[in-house]
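In: attaching a predicted model along with its sequence, questions to come.
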Amino acid sequence: MVPSIFQDQDKYQFGKTKIFFRAGQVAYLEKLRSDRLRACGIMIQKHIRGWLAKNRYQKIRRTVLLVQTRARGMLARRCVCVCVACVCACACVQKRDRRGAPESVIKKAKFGSVPLMSTRFGKCC
């Protein structure tokens with residue numbers, strides 16, 4: 001490992017149980033060690049921040065989808081109420097039109113009153 005770090009063999013010397021370095025070489029190794037440690041710390045921070053951001057985004061997305069779902073349901077229920085009122089109004093007008101009228105007039109008016117009511121009250125849904 002030492003020869004891969006130091007290309008010049010004059011910078012270090014192997015003893016029987018120790019490695020001897022020239023002046024400044026231990027500081028160079030400490031600098032390499034601190035750089036590597038800093039890079040590892042940055043990578044850990046990067047992954048933790050990414051994980052936190054992903055969780056935050058997923059929580060916001062779930063909340064937005066829930067709000068949108070509830071709003072769509074509320075609008076659909078409101079539309080159903082409007083449609084029911086429209087159908088009731090159409091039925092009332094048709095009932096009044098048919099009172100005392102002969103069968104042939106009712107058949108002709110059947111196709112005329114629904115479009116008339118839909119233009120008057122607006123198309124349902």
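Out: Arrived safely, thanks for sending. These figures come from a predicted structure and were not determined experimentally.
In: so which elements touch whichever strand or helix holds residue 56?
Out: Element membership for residue 56, per DSSP states H and E: helix 25-98. Other elements packing on helix 25-98 under the criterion 3 or more C-beta pairs under 8 Å, 6 or more residues apart in numbering; DSSP states H and E are helix 103-121. Quick note: C-beta positions are derived from backbone N, CA and C, even for glycine.
In: quick one: average pLDDT of the helix holding residue 56?
Out: The predicted model assigns helix 25-98 a mean pLDDT of 86.
In: got phi/psi on residue 16?
Out: As for residue 16, its main-chain torsions (degrees, to the nearest 10) stand at phi -70, psi -40.
In: can you get me a residue count around it?
Out: Residue 16 is flanked by 4 other residues according to other C-beta atoms under 10 Å.
In: cool, and residue 25?
Out: Residue 25, neighbours per other C-beta under 10 Å, totals 17.
In: what's the separation between it and residue 51?
Out: 39 Å (C-beta to C-beta, to the nearest Å).
In: try residue 80
Out: Counting by C-beta to C-beta, the gap from residue 80 to residue 51 is 43 Å.
In: and if you look at residue 27?
Out: Taking C-beta to C-beta, one finds residue 27 at 36 Å from residue 51.
In: what sits closest to residue 21 if chain neighbours are left out?
Out: residue 12 (5.2 Å; C-beta to C-beta, 6 or more residues apart in numbering).
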